[in-house]
Each structure stands twice: as C-alpha cells, then as structure tokens.
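Q: Build the 3D model from these lines:
(chains A, B, C and D)
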Number of protein chains: 2
Amino acid sequence: MITRTVPDIVVGRLPRYLQALEHMYREGIKTTSSQELGEAIGISAAQIRKDLSQFGEFGKQGTGYSVAFLVEQLQSILKLTRIWDLALVGMGDLGNALARYQGFAEHGFRITAAFDNDPEKIGKEVAGLIIQDSREMKRIIPSLGIKIAMLTVPASVAQMVAEELVDAGIRAILNYAPISLNLPDDIHVENIDPIIKLQHMTYYLD
Amino acid sequence: MITRTVPDIVVGRLPRYLQALEHMYREGIKTTSSQELGEAIGISAAQIRKDLSQFGEFGKQGTGYSVAFLVEQLQSILKLTRIWDLALVGMGDLGNALARYQGFAEHGFRITAAFDNDPEKIGKEVAGLIIQDSREMKRIIPSLGIKIAMLTVPASVAQMVAEELVDAGIRAILNYAPISLNLPDDIHVENIDPIIKLQHMTYYLD
DNA sequence: CATTTTTTGTGCGTATTTTCACAGAAAAAA
DNA sequence: TTTTTTCTGTGAAAATACGCACAAAAAATG
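A: Just a heads-up that it's a prediction; the model follows:
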C-alpha cells in the first residue's frame, strides 16, 4: 500500500532506521530483519514494519530486508540522493565546531556559506569557508540556491535573523538558539537545545 | 488533580514551557494565559492546560497564570531547584564548544569534570576545566557524585564509553555521537544529532 | 518432495494523545 | 450591584499511534 500523507512522527523515525542500516552496511551485514533492526535502536519490530509499509514493500518473507536496498530506498524517500547545500549563520564556538564537523559531508550535506555580523570574524576562514557579512545573506543565499540553514546565533537575535533567512528563501532551519522561533507554517524548523534535553532528563533523576 | 505516572511526552514539553516563561519573566511580563503561551511556542492552549493539570492547579480563572509562580512550579517539577553536576566526555571541537557555553551555568548545570583519552589533551585547560584521563572516570565521577554526562566522543567508541559511564554511576546521558546507544532501561538517554534532524527536514523539501 | 522455520505486510483491537466544549470562578465593565 | 468578559480545569469525544497476531511467502531442513 502506498502513501496518503505520512504522519510526521513516522518520517521522524526514518533517519534513525537509516542510521542503523548504514552502520550495518559498513559492518558488512547484507541482510536484516525488523526484529534485529528494532533491537538495535529500541523500537518494536511491528512498528518498523508498519512505518516502512507506508512507503512500499521492501522486505521478503522468510528473509527480511536487504540492507543495501533498504538504505537506498530510505535515502530516496528522504530525498538524500542529492547534495544539500547548507548556510551556517553565527560563527561562535558552536558555529565553528559545526563548520569543522565531517559528518555533514559524509551524509550529503555541504556547508556552502557561513555568515556572521562581527567585523572581526568577517573575512576569516574556517574549515575552508570564508565567513561572510550576514547583511549579504539576502543576496548570497538565493544566488547559491540554498534552502536549509543552521542557526547558531545568540538567542537575542535569533528571531530576527531567522526572519531574514526566510526572506532570503530558506525553507528549513536547524535552530540551535535556545528560543522558539515564530515563522510561517511552511518553514520547517527543528530545534537542538541541550538545556531542554537535560531538563527533560532531570525529571527522572533524584 | 495530581500525579499518576505522567506520560513522557508531557514531561518533554515542560522544558519548552519553562523556556518561554523564563523569557517572559525577563521581559517583565507578570501574567500570561494558556492561549498566549501556546501562541509563543506553537502548542494549543488546551494542551498546555491539560499538561499542567497533571501536576496541580497553577492558574486562576479569568486571570491566567502568574509567570513567576509557574516558572517556580515547573522548576520544582523538573527538579531544577538544585545544581546538577555534569561530566563532559570527549574534548574535540564540540566538547570544547560545550565547555565554553554559558547556557549550562545559567540554567543550573555545572560542568564539573571533562575527560578525554588523548594524551595531547589531558592536563590542558578549557574554560577553567582541566581535561582528565578518561581512564579515571570510574574513580572521579562517583567521587563527585555526578549523575549526568554529555557524550561527545567519536561514534566508533561511543557505546564502549557509555558503558564505562554507566559503570561509573552515570544515570543520564546526553548523547551527541551519531549512533544509538544500547544501555540498561533505567539509564535515560537523549540524543542530539544534527544529521538526523536535517534528514527529517529534507523529506519535506523539493 | 514434504515439513518446519522464518519473517513480512496488514487488519483490527487497544492504548495513548489531542481537541472540544463547558461549568465555574475571577475580573472587568456597565 | 449586576452583567459581561476572560480564562481555567476537566470530562467526554475524536483522532492518532501502537501492538498483536496471523495468512502468506520464502527459505531451510529432513
């Protein structure tokens, strides 16, 4: 059975399946089952089968799933069969760490432009990127066709900068600033905030 | 009405309420409503009221919620009325950026120990912390009573290091390594992985 | 070749989560 | 004071998500 509108919660699990499957692939594992995959990531086998069935029939009864094939299918579903250009906005410690992180390139994400508003930083090079003036975002981002931004500016300016990014044609923002952004409904925002995660965990501690 | 076991999904929203309320508090806003709070963070008013009602009655009909009071209550619910010590394990670029991040201290989290296994790094100081040999974790972590760790080591060793942390008495791990950790059920793990988040968003882009 | 084992995809029931909508209480307005 | 407005807390309904359990298919075994 194929797609109606797939629930976002299902979409959100697909990258985790993909991560585990790519790990298996690197280990030389050719075939896996919903059972085995589930145990690897702590999700029930039934749920994995249900989730995948939203997109097609990828397994074989008695055998399970070809790891390589399922990796391909998930990459295709998640639109990962192309390079995605990223803008990195805010070159503090975190921005610098992200600029140097190899993981993006390894997964088809390329940081194509880096911005900051600090004259001290503009013009400097980090990991092969020249930091550009954030006043140039409106010009540069559309010219490079960039659709995704990572936002690592201080919370105090995050909303304003996010609006500038949307204005520049950005469609998805990975927000590292500890604030919730208020943006049009068609802009996809994902938040990464360690404080929020820590506070979630302290609830369960003594 | 007061607590049965509160669903984890509800607990996970509390830090977001708290974040928005603390922001209001800094802005000098004395009172808010479920409506206003919901608009600030993109959650329905009814959901916020339902969530809060799991823990008590914090609002007043006709008036709404006292911001200061609700901040206090949420801090109390989330066990944030004390300082939590953190261990930071893996002093690469990301570990260094986290060591320097002011946000932890501002929210009652104190990075009390930093570890790495690289002899080049051990003994160096970062943001007032001396990097210690990760072979010492088993001794140092219990002696400082640390219960929470942030894990910023390479994926290839993350599982092993996580097991060492559990062995050292760690009860909660904020995992930055791009791999799912397999640990006892009573250990709380939260993952922060930008690749997973980006792949979630690309699904919705062209 | 027949039997047993493995494992998928899915219909259906259950559980969880969200939203609706309203009584009741407080505040504001008249 | 009385009436109207605002806004909570919550029971009930609706919507979503999850998991069981099984037919069917493939592979393995005997």
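
Q: tally of neighbours for A:Gly123?
A: By other Cβ atoms under 10 Å in any protein chain shown, 10 other residues sit near A:Gly123. In this view, the C-beta of every residue, glycine as well, is placed from N, C-alpha and C.

Q: got it, and A:Ser76?
A: With other Cβ under 10 Å as criterion, A:Ser76 counts 11.

Q: What separation do you get for it and B:His200?
A: Per Cβ to Cβ, to the nearest Å, A:Ser76 is found 15 Å from B:His200.

Q: do A:Ser66 as well
A: A:Ser66 is 24 Å from B:His200, where distance means Cβ to Cβ.

Q: likewise A:Ala46?
A: A:Ala46 is 22 Å from B:His200, by Cβ to Cβ.

Q: out of these two, which sits in the busier spot?
A: B:His200 (21 against 11).

Q: That one touches A:Tyr17, doesn't it?
A: No. Using Cβ atoms under 8 Å, B:His200 makes no contact with A:Tyr17, being 12.0 Å away.

Q: Can I get the longest helix along chain A as CSV, trimmed to CA atoms?
A: Longest helix of chain A, by residue count under DSSP state H: helix A:8-26. Provided in CSV are the C-alpha atoms of helix A:8-26 (Å, rounded to 0.1, in the frame of the first residue of the first chain):
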residue,chain,number,x,y,z
ASP,A,8,5.4,13.3,10.8
ILE,A,9,6.2,11.0,13.7
VAL,A,10,6.8,8.2,11.2
VAL,A,11,9.0,10.5,9.0
GLY,A,12,11.0,11.4,12.1
ARG,A,13,11.9,7.7,12.7
LEU,A,14,13.2,7.1,9.2
PRO,A,15,16.5,8.8,9.7
ARG,A,16,17.1,6.6,12.7
TYR,A,17,16.4,3.5,10.7
LEU,A,18,18.7,4.8,8.1
GLN,A,19,21.5,5.5,10.6
ALA,A,20,21.3,2.0,12.0
LEU,A,21,21.2,0.4,8.5
GLU,A,22,24.2,2.4,7.3
HIS,A,23,26.0,1.2,10.3
MET,A,24,25.1,-2.4,9.4
TYR,A,25,26.2,-1.8,5.8
ARG,A,26,29.6,-0.6,7.0
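
Q: Give the other helices and strands that it contacts.
A: On a contact count with 3 or more Cβ pairs under 8 Å, 6 or more residues apart in numbering or on different chains; DSSP states H and E, helix A:8-26 meets helix A:34-41, helix A:45-53, helix A:67-77, helix B:194-202.

Q: Export the ones you listed to JSON lines and append columns for distance to DNA strand D and mean pLDDT.
A: As requested, the helices and strands packed on helix A:8-26 are arranged in JSON lines below (distance: least, Cβ to the nearest atom of the strand, whole Å; pLDDT from 0 to 100):
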{"stretch": "helix A:34-41", "distance to DNA strand D": "9", "mean pLDDT": "97"}
{"stretch": "helix A:45-53", "distance to DNA strand D": "4", "mean pLDDT": "98"}
{"stretch": "helix A:67-77", "distance to DNA strand D": "13", "mean pLDDT": "98"}
{"stretch": "helix B:194-202", "distance to DNA strand D": "14", "mean pLDDT": "98"}
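
Q: Pick the most buried one from those.
A: helix B:194-202 (a mean of 22; mean count of other Cβ atoms under 10 Å in any protein chain shown).

Q: Which residues of chain A lie near DNA strand C?
A: Residues of chain A lying close to DNA strand C by Cβ under 7 Å from any atom of the strand are A:1, A:32-35, A:45-46, A:49-50, A:52-53, A:57-65.

Q: what's the domain layout of chain A?
A: With automatic domain parsing as the criterion, the domains of chain A are listed as A:8-77, A:84-197.

Q: And these: which comes nearest B:Ala99?
A: For these, the distance to B:Ala99 is smallest for domain A:84-197, at 8.8 Å, taking Cβ to Cβ.

Q: Excluding sequence neighbours, find me the nearest residue to A:Val6.
A: Of all residues not flanking A:Val6 in the chain, A:Gln54 sits nearest, at 5.0 Å (Cβ to Cβ, 6 or more residues apart in numbering or on different chains).

Q: right, and the one you found touches A:Val10 too?
A: Yes. In this structure, A:Gln54 is within contact of A:Val10 by Cβ under 8 Å, at 6.0 Å.

Q: Of the two, which one has the most company?
A: A:Gln54 (17 against 14).

Q: Does A:Asn117 touch A:Asp133 like I think?
A: Yes. Counting by Cβ under 8 Å, A:Asn117 does reach A:Asp133; the two are 7.1 Å apart.
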